[in-house]
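Engineer: here's my sequence, what's the structure:
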Amino acid sequence: MPDQPNVLFIISDQHNARLLGHAGHPQVQTPHLDRLAAEGVRFTRAVTNSPICTPSRMCYFSGQHVHNHGYFGLSGRHPRDLPTVFGHFRDAGYRTASIGKIHCPSGWIEADSDLFSDVYVAPGGRELTEYDEYLRERGLLEDRDDARLQEASWRHQGVEGRPSRLPYEHSVEGWCVQRARRFIEETTRHPWFVQVSLPRPHEIYAPAPEFWDLYDHDDLWLPPSADADLSLKAPHLQATRRAYEDPAGMLFEPKTYEALRLRKQHGYLGCVSHMDHAVGELLDFLADNGLVEDTLVIYTSDHGEYASEFGILEKAPGICGDAICHIPSLWRWPGHLPAGHECEEIIQNVDLAPTLCALCDLLPFRTADGADLTGLLTGGGDPVHRVGVTEHPWSKAVRRGDWRLVYYPRGFFAQELGPESDFGELYDLAEDPWEMRNLYFEPEYQDQVEELRRELLDWTVTTTRVRTTLPAILPPEDALSVDRGGGTREHYVEADGRILPPPPKGRNYW
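Structural biologist: Next up, the predicted model:
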């Protein structure tokens, strides 16, 4: 038995936090995630730091906000000086594995993983991934349909829905579970840190047939906002909604928006249940091997998805909706964390790394921006964040309590609204959980708009990591390094070459 807990970090892609049985969805079937919530801690106000896959995952693995790690788009060059939580755990004696849809800059996670198996990118220029080889050996490679549908004449993702050609056993999620189990079985002398990154419920919306068949196509529930008025919604959200009307983007008959929406919704529900089944297999594996008490399990997603809210069939434009910015977050460690506990405080992706280090009794992950959630996880009620912020490079969404502001710079929608246009979004989620009433332009809510703008400004200033400060901040006793800069003034730096200075408190900052 290891002296420190194992860590099983399960991350799905694009899971709308409403689509969980325990969250009250009237139709979706998620028995295994519901079990995980009943046996552990559920955060009801978890905020993703990015509405896009790669930046969000980098927030989890680096513990840094997007504006600090600097990756706002998909993939990118290797971030040479950015430590990962995988490396931190491996340095502490853990064996580490990254399995599934990794979706990070090439070479970054690989360097810190004892096992790295990406189901979409083959290492070393190979044509086929390990999962592709698995399918080829069974004569199933041509049936793989988690990255594109065979009916499509172009190679791109889409919003159509149909049953997969593969049964769950041979699906990408089924394979990820098999590969994770094998790694854990082979790790007998060390604690392990295993990330299993499940591609679904992200498009392609083709769940295994057994999960497609869970839902009656003629009796699909749609959210109350499915056909809501969009006149006070962002122009790019309105344009996205209109684009779905084009039959050229549809593969199956009937080629109408109403039929497309039902096919996609059917596929998305099935994909959520498909992914939930994979989580259940992992939980059952821990139970069958006597690992439940020794393993900290975390389930979350990189971001949400609209799931037909406002008629939007995917995740873009993500900054607009709480459906994207709100993510599921479930934590279980029997005997250490309370069962069935719900926490309403705001948490963020960046909190994962420092919290894991605290729970596993590792040295602090100094380059992380996030907070240690241990107090909240063990039933304490003190908040760790004033706000939660989701970032695009040129727009932000800030949440405090049940209030949510989407900030766009003046002129952001110059083409649609004019060069000096001032457009924003403000929602009271307590009174309007489906965000159907934009309060941004209403006079009686201008104080709330200004207050959240100030919160966002304060957050931006106080969370930004810098390379030097003036006056210099003297290095703490346990500083990793000191850069004298060729002069007499000392500046301490962390492993990423930067520091997060404390907010000024009466000091004479230049």
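Engineer: okay, and the closest residue in space to Pro105 that isn't next to it in sequence sits in which element?
Structural biologist: In space, and not counting its chain neighbours, Pro105 is closest to Gly76: 4.7 Å by Cβ to Cβ, 6 or more residues apart in numbering. Where C-beta positions appear, they are placed from N, C-alpha and C, glycine not excepted. For Gly76, there is no enclosing helix or strand under DSSP states H and E.
Engineer: hang on, Phe310 in a helix?
Structural biologist: Yes. Counting by DSSP: H, G, I helix; E, B strand; the rest coil, Phe310 is found in a helix.
Engineer: okay, it: pLDDT?
Structural biologist: Among the per-residue scores, Phe310 shows a pLDDT of 97.
Engineer: test my guess that it contacts Ala234.
Structural biologist: No. At 10.3 Å, Phe310 and Ala234 do not qualify as touching, with contact defined as Cβ atoms under 8 Å.
Engineer: following the helix or strand where Asp132 lies, which helix or strand comes up?
Structural biologist: Taking DSSP H and E as the definition, one finds Asp132 inside helix 130-137. Stepping forward along the backbone from helix 130-137, the first helix or strand reached (DSSP H and E) is helix 172-186.
Engineer: alpha carbons only: can I get the helix or strand that that following helix is followed by in CSV?
Structural biologist: Tracing the chain past helix 172-186, the next element assigned as helix or strand by DSSP H and E is strand 192-201. Output for strand 192-201, consisting of C-alpha atoms alone and laid out as CSV, is shown next (Å, rounded to 0.1, in the frame of the first residue of the first chain):
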residue,chain,number,x,y,z
TRP,A,192,0.7,6.7,-9.3
PHE,A,193,-0.8,9.8,-10.9
VAL,A,194,-2.9,8.8,-13.9
GLN,A,195,-4.8,11.3,-16.2
VAL,A,196,-7.4,9.7,-18.3
SER,A,197,-8.7,12.2,-20.8
LEU,A,198,-12.0,11.0,-22.4
PRO,A,199,-12.7,12.6,-25.8
ARG,A,200,-16.5,12.4,-25.5
PRO,A,201,-19.0,14.1,-25.2
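Engineer: now strand 192-201 against helix 172-186, angle please.
Structural biologist: 170 degrees (axes from the mean of the first three to the mean of the last three Cα atoms, to 10 degrees).
Engineer: buried set for strand 192-201?
Structural biologist: Within strand 192-201, the residues that count as buried by 16 or more other Cβ atoms under 10 Å are Trp192, Phe193, Val194, Gln195, Val196, Ser197, Leu198, Pro199, Arg200, Pro201.
Engineer: in its sheet, what does that strand sit against?
Structural biologist: strand 6-13 (parallel), strand 95-100 (parallel) (DSSP bridges).
Engineer: can you put the buried residues of strand 192-201 in JSON lines and add pLDDT?
Structural biologist: JSON lines is the format used below for the buried residues of strand 192-201 (pLDDT from 0 to 100):
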{"residue": "Trp192", "pLDDT": "98"}
{"residue": "Phe193", "pLDDT": "98"}
{"residue": "Val194", "pLDDT": "98"}
{"residue": "Gln195", "pLDDT": "98"}
{"residue": "Val196", "pLDDT": "98"}
{"residue": "Ser197", "pLDDT": "98"}
{"residue": "Leu198", "pLDDT": "98"}
{"residue": "Pro199", "pLDDT": "98"}
{"residue": "Arg200", "pLDDT": "98"}
{"residue": "Pro201", "pLDDT": "98"}
